[in-house]
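Q: return a 3D structure for these sequence lines:
(chains A, B, C and D)
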There are 4 protein chains.
Amino acid sequence: MRPRVGVWLFGARGSVATTTVAGAAALAHGAPPAGVVTAGPAFSGAGLVPIESLVFGGHDVTDTPLSKQVERLVAGGVLPPGLDGLIAAELAAAERNLVVLPVAADQAELISRMAEDLRAFRLRNDLDHVVAINVASTEPPYEVPYDDLAVLREALRSGNPLPGSCVAALAAFEAGASFVDFTPSTSIRPQVIRDWAVERGMPFGGQDAKTGETLVKSVLAPMFTARALPVHAWSGTNLLGGGDGATLADPRAAESKNVSKERGLADMLGSDVAGQVHIDYVDPLGDWKTAWDHILFSGFLGVRMTLQFTWQGCDSALAAPLVLDLARLSALALERSHVGAMPFLGFYFKDPINSTEHSLTTQYDALVRWVQSC
Amino acid sequence: MRPRVGVWLFGARGSVATTTVAGAAALAHGAPPAGVVTAGPAFSGAGLVPIESLVFGGHDVTDTPLSKQVERLVAGGVLPPGLDGLIAAELAAAERNLVVLPVAADQAELISRMAEDLRAFRLRNDLDHVVAINVASTEPPYEVPYDDLAVLREALRSGNPLPGSCVAALAAFEAGASFVDFTPSTSIRPQVIRDWAVERGMPFGGQDAKTGETLVKSVLAPMFTARALPVHAWSGTNLLGGGDGATLADPRAAESKNVSKERGLADMLGSDVAGQVHIDYVDPLGDWKTAWDHILFSGFLGVRMTLQFTWQGCDSALAAPLVLDLARLSALALERSHVGAMPFLGFYFKDPINSTEHSLTTQYDALVRWVQSC
Amino acid sequence: MRPRVGVWLFGARGSVATTTVAGAAALAHGAPPAGVVTAGPAFSGAGLVPIESLVFGGHDVTDTPLSKQVERLVAGGVLPPGLDGLIAAELAAAERNLVVLPVAADQAELISRMAEDLRAFRLRNDLDHVVAINVASTEPPYEVPYDDLAVLREALRSGNPLPGSCVAALAAFEAGASFVDFTPSTSIRPQVIRDWAVERGMPFGGQDAKTGETLVKSVLAPMFTARALPVHAWSGTNLLGGGDGATLADPRAAESKNVSKERGLADMLGSDVAGQVHIDYVDPLGDWKTAWDHILFSGFLGVRMTLQFTWQGCDSALAAPLVLDLARLSALALERSHVGAMPFLGFYFKDPINSTEHSLTTQYDALVRWVQSC
Amino acid sequence: MRPRVGVWLFGARGSVATTTVAGAAALAHGAPPAGVVTAGPAFSGAGLVPIESLVFGGHDVTDTPLSKQVERLVAGGVLPPGLDGLIAAELAAAERNLVVLPVAADQAELISRMAEDLRAFRLRNDLDHVVAINVASTEPPYEVPYDDLAVLREALRSGNPLPGSCVAALAAFEAGASFVDFTPSTSIRPQVIRDWAVERGMPFGGQDAKTGETLVKSVLAPMFTARALPVHAWSGTNLLGGGDGATLADPRAAESKNVSKERGLADMLGSDVAGQVHIDYVDPLGDWKTAWDHILFSGFLGVRMTLQFTWQGCDSALAAPLVLDLARLSALALERSHVGAMPFLGFYFKDPINSTEHSLTTQYDALVRWVQSC
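A: Numbering: from 1, shown residues only, chains lettered A, B, ... in the order given. Predicted structure coming up:
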């Protein structure tokens, strides 16, 4: 019998989470699984949990009803008209599993209460595995000043030394859940957080899902390399509205994003290139994003040439099917008792954990190999 | 001791051929091998012939001096200023190996005379191998009405049943040379021509080098497939001047090109898509080419999104280093006594012989595997 | 007291007509008049009929209910969600004025029956003026072999020598209505049709509304001229779905469109330029249109430079407010007893009647001057 | 007899100045006056001084020979190959009129020495008029804390309270020369500097020539206004190399530029819009500039649409013919004894002095009217 799998979303009422929950429900009603990579034939024999049987829950700081969020996304063209009526039952079911983020005197207690929420979710829904995924807003970069588990535990008992994404990861591990970071936040970046996961025997993965501009980069940069065409400059401008845009209008949060975005390019091209990346908040774009990239390269004997691309997409609609993928793949890792980093998920991320491989095709092959390996 | 290799170019005074000869000379003078794939580390242990030691010759219908063509390409920004002076000696050496295409009463005699030119080139330059590459103008599509070697040979003795590209291929095979078609012309497309090559024990490859728009397609289409994003329409417009543009302004020649271009897309995407490809002759663009592609795809739950790209390149400067690659790789095939089709060269072509694989990364891996296989 | 004005649409159930009727109703419910030029302050003192009081009617070959068409346009994102409910009363009112195009033994009789429909519309709605506008599908080019009114009238009595757009124009004139052609069809192009209008004392205008690519051209081309920058090539590709796209997929109808599009460019630039214009039918684009233009020009001392633009718009939503403008302005012309061509409407058209002025700013000034002239 | 006119360039060895001097010489040798607006028929009867008879001189901080700069610009593709040889005599003549910027104990003395250089230039070349134009590097914004001529004069005698561009303007006025600022620097922005010009009876104009992205904006923004299409966001990214790019990589200098660029947009659209403008230094672009603009607007009933454009140009080659225009027009103003601001030159500028008119066509009409007015 297939194991029962719960998906715990940090940021459970945001656009990505809402589109994920609504989309899974739509698939159950017969919508085609566009964008769901694990729905392809290469993944069919691996015993992945069916999307229709995933159970959703999560934490959020607000309590705006999911159904309200779905209405907003329908109005913004992210979800198809009429979907809200169709999936009312599924939304209500998920709504019962959503919990407002608790407050506590110190982070030791906070982690303990959050882990309690995950355990209650597991019990209430009779789940074999719980996989946690962070889809909350991007945080500014943060340097965690601990590298020893015991010292960190001590610090947590008397204060709040960690950013929220680290707290979320630790709560997942304490509750026996895997953790994947869909964002570029701190979460599992510090070694001490990874040590904690290993101590608890849990897998973790991430970070910063590549859904648009960086996805395209991850196939174009290897093209230049394969054809031995020197790239001199790569410039990019991202225009985005919506909640994500507003967050990234804060230059400190944008910094997290940019560092992730830049990292891969030098790795793929074999050297640094000139050019900047901008992230502009353009409120009237709503949930839509436009990216323009300009690449200056040269051919034989130094002749200068250019490639430009413009990507116009809806981030939530690109992210949600990947969240479903990551939930299914995390559950498989738990089933296989995988402990520690999951570098085979690099296909999904701008800043793949424990890997400097950024070429999409190579990453895809590695993912399929892992899935088919047992 | 390294074998001595001669490169016989059909269309030896055209822009691609001239850039190839001039570029090889520039490399000998220390220019970096930008765009030469086989100059990379993955190819270093395979004993490929050094570019500096390649000897160039070829057929052409005109007798405009190579040095004139180099001047024209310098003026057009394809070759760097001052190159003409630097490589005068190399151009003069190649000039001595260029032959005006002979005329003959029937194609049997024409093939024989052309093969004689190749043999004389081999003897005069003391070559171990001769590799022939077709870089002449694209021909209109042509249906060769023969499928039996004997019948074809009979027909050649009394008339002119074949297009020029087939005649060129047969002359190469008769002279013990390999043949690679850089264009989408008929050449080695008919089975009977391939049979002839096998009878003579010669390798052949092609067709229609991917240097610009199609190169980009061959990484973008697999990206959509890998991410399970349905592509609904893929439209393209190519603007080009120069000799190539003038040829393709003839709708019948453009047809050859378009068929090659379209073939790969359906293979890579797994289904046909809407959209047309235009090739426009824009004389003032000179040797430069601009391609604009518009791709309509959908994400989760059918949300429509687009990707557009604009490629601005100089075809000759993109083609020439690939001609050098193909010369070196063909020589390796001769050295390894490879007979018949060379599908491992698919990395270079829009319409790869004996293959439906169009993904650039997969093609690259296959090429490297073959090179490193002995 | 303001005159009562009726708007008779040929092609009254198509996307443009439906968006016009629905939009006028939406304005009456408080929607802002985006895209309605005559809603601006420059037009406020001229006594133009208020949009809310326009009465709509028209001919069409089909009888699909207007409300169905509105539903389709809401689903396609052309009209805002919920609009159908809001304007049900207005749609029903217009529906009562829509008539299926009559059939007749010869075109004399057809014109007479169609004119009868317009007269009935006027009577039934107690209208002072009726303005007719052709928003039916684009016809292929057609050469009308008559230049004498009497001979034409004779021919009409015994056959069908005219394309539908000419018949529509004549029916309007017979019924005492003005006629404006929003399309590039034949309609008022022949001198004999214009003579007929003058004989009946009616004004006419057109042709081929500029709503997208050509609109942008009509400001960019004068920019190059004003700055004395020579333009060498102007290439364009238009991708469009929907009914309009399907019609233009017929190369003969596209020819009408292309001729209109090209005409202005040479006029504005002062000379012919290289480059082609493509119109591609891309079904999955629905009611949306994407145009890419590539302009090659040179600066001081012949340095080559480029400007490219991509326009992504919804034709019906761009056309409908202009139809409202043209209705109001035609009514003003009738009120002022203007007879014959209306060149002051050139601002709206790719192929402005009796004018070679294509610069948008100059056209705008001419329009405002005429409106304020009495 | 035509007056003899001298053109004094501040920044006389920079790319714009060098291209101006070299270009004027090339015109004298028969090159067509592409980009020179005043070479058009609308300007032919006004008695403008012929370009061939302009005499060039100027200040610069360096003493790199003009001929070296021309070589560099030929290598970079800004000037045509072979030009250096052709115009050697003209370059040598201009070289004799170039002076290294003097140094002085205080700015009163500096102004006096600089003015002396201009007077010497006038005498040596027997000139009737001298027109000064600032084409030096863009300065950071600067607030001049004086509004009284006497107080300013006092301050100049004991220190250096002004940025270089103001000093240059004052030196011009002291020497009886007109002054036009081609840059966004402080120069004639303060009222007290303008008062000084009026006191001396001199005309002045500027600022910040529109040569690329802003030029296109100045026709596209009025298009949206004329068609009543609401613009919601206008975003732009400018990539540029060369000396100009390096200067603007300093965020404080970029600020001057951005303020100029933004100013016009709100004026033309009638309201502020969302969106940012970026200026990125991309060294490998050399003297070339690429700008991408993304405009989000809506049509009827709020449907969202976009227009994007990419401009690829060479700034010096766009600027130089305008410098020639401004020299000829300034000389005409002197001839006509015009004193104070020259708002009729707004056609050339992003931040036109004493004007909020930014529409290119309206500005062109005003310029022609002024030229033809006597």
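
Q: how many neighbours does residue A:148 have?
A: For residue A:148, the count of nearby residues is 12 (other C-beta atoms under 10 Å in any protein chain shown). For the C-beta atoms, the positions are set from N, CA and C on the backbone; glycine is no exception.

Q: one more: residue A:105?
A: When neighbours are counted by other C-beta under 10 Å, residue A:105 registers 11.

Q: check contacts around it.
A: Counting by C-beta atoms under 8 Å, 6 or more residues apart in numbering or on different chains, residue A:105 touches no other residue.

Q: state the distance from it to residue B:38.
A: Using C-beta to C-beta, to the nearest Å, we find residue A:105 at a distance of 66 Å from residue B:38.

Q: same check, this time on residue A:112
A: Shown here: residue A:112 relative to residue B:38, a distance of 61 Å by C-beta to C-beta.

Q: ok, residue A:187 touching residue A:197?
A: No - taking contacts as C-beta atoms under 8 Å, residue A:187 lies outside contact range of residue A:197: 10.6 Å.

Q: neighbour count for the two, which is higher?
A: residue A:187 (30 against 21).

Q: for the residue of chain A most remote from its centre, grab phi and psi.
A: Note on chain A: the largest C-alpha distance from the chain mean falls to residue A:301, namely 42.3 Å (C-alpha atoms, centre = their mean). Main-chain dihedrals, residue A:301, degrees, to the nearest 10: phi 60, psi 30.

Q: before we move on, which element is residue A:326 in?
A: Following DSSP states H and E, one finds residue A:326 within helix A:315-335.

Q: then that helix to PDB, C-alphas only?
A: C-alpha atoms of helix A:315-335 as PDB (Å, rounded to 0.1, in the frame of the first residue of the first chain):
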ATOM      1  CA  ASP A 315       5.700  33.000 -11.200                       C
ATOM      2  CA  SER A 316       3.100  31.300  -9.000                       C
ATOM      3  CA  ALA A 317       1.900  29.200 -12.000                       C
ATOM      4  CA  LEU A 318       5.500  28.200 -12.700                       C
ATOM      5  CA  ALA A 319       6.400  27.500  -9.100                       C
ATOM      6  CA  ALA A 320       3.300  25.500  -8.000                       C
ATOM      7  CA  PRO A 321       3.900  22.400 -10.100                       C
ATOM      8  CA  LEU A 322       7.500  22.300  -8.900                       C
ATOM      9  CA  VAL A 323       6.300  22.400  -5.300                       C
ATOM     10  CA  LEU A 324       4.300  19.300  -6.100                       C
ATOM     11  CA  ASP A 325       7.400  17.700  -7.600                       C
ATOM     12  CA  LEU A 326       9.500  18.500  -4.600                       C
ATOM     13  CA  ALA A 327       6.800  17.100  -2.200                       C
ATOM     14  CA  ARG A 328       6.700  13.800  -4.100                       C
ATOM     15  CA  LEU A 329      10.500  13.600  -4.400                       C
ATOM     16  CA  SER A 330      11.000  14.400  -0.700                       C
ATOM     17  CA  ALA A 331       8.500  11.700   0.200                       C
ATOM     18  CA  LEU A 332      10.500   9.300  -1.900                       C
ATOM     19  CA  ALA A 333      13.700  10.300  -0.100                       C
ATOM     20  CA  LEU A 334      12.000   9.700   3.300                       C
ATOM     21  CA  GLU A 335      10.700   6.300   2.000                       C
END
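
Q: tell me the helix or strand right after it.
A: strand A:340-341.

Q: what sits up against that next one?
A: So strand A:340-341 is in contact with A:194, A:197-198, A:203-205, A:353-354, going by C-beta under 8 Å, 6+ apart.

Q: please enumerate the helices of chain A.
A: For chain A, the helices defined by DSSP state H occupy A:15-28, A:66-75, A:83-86, A:88-96, A:107-124, A:149-156, A:164-174, A:191-199, A:213-226, A:242-248, A:251-269, A:315-335, A:360-371.

Q: which of those helices sits closest to chain C?
A: In terms of C-beta to the nearest C-beta, the element of those nearest to chain C is helix A:66-75, at 7.0 Å.

Q: convert the closest one to CSV, retaining C-alpha atoms only.
A: The C-alpha atoms that make up helix A:66-75 are tabulated as CSV, following Å, rounded to 0.1, in the frame of the first residue of the first chain:
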residue,chain,number,x,y,z
LEU,A,66,-7.5,30.2,1.3
SER,A,67,-10.7,30.7,-0.7
LYS,A,68,-10.1,34.5,-0.7
GLN,A,69,-6.6,34.0,-2.0
VAL,A,70,-8.0,31.7,-4.7
GLU,A,71,-10.5,34.5,-5.7
ARG,A,72,-7.7,37.0,-5.9
LEU,A,73,-5.6,34.7,-8.1
VAL,A,74,-8.5,34.0,-10.4
ALA,A,75,-9.1,37.7,-10.8
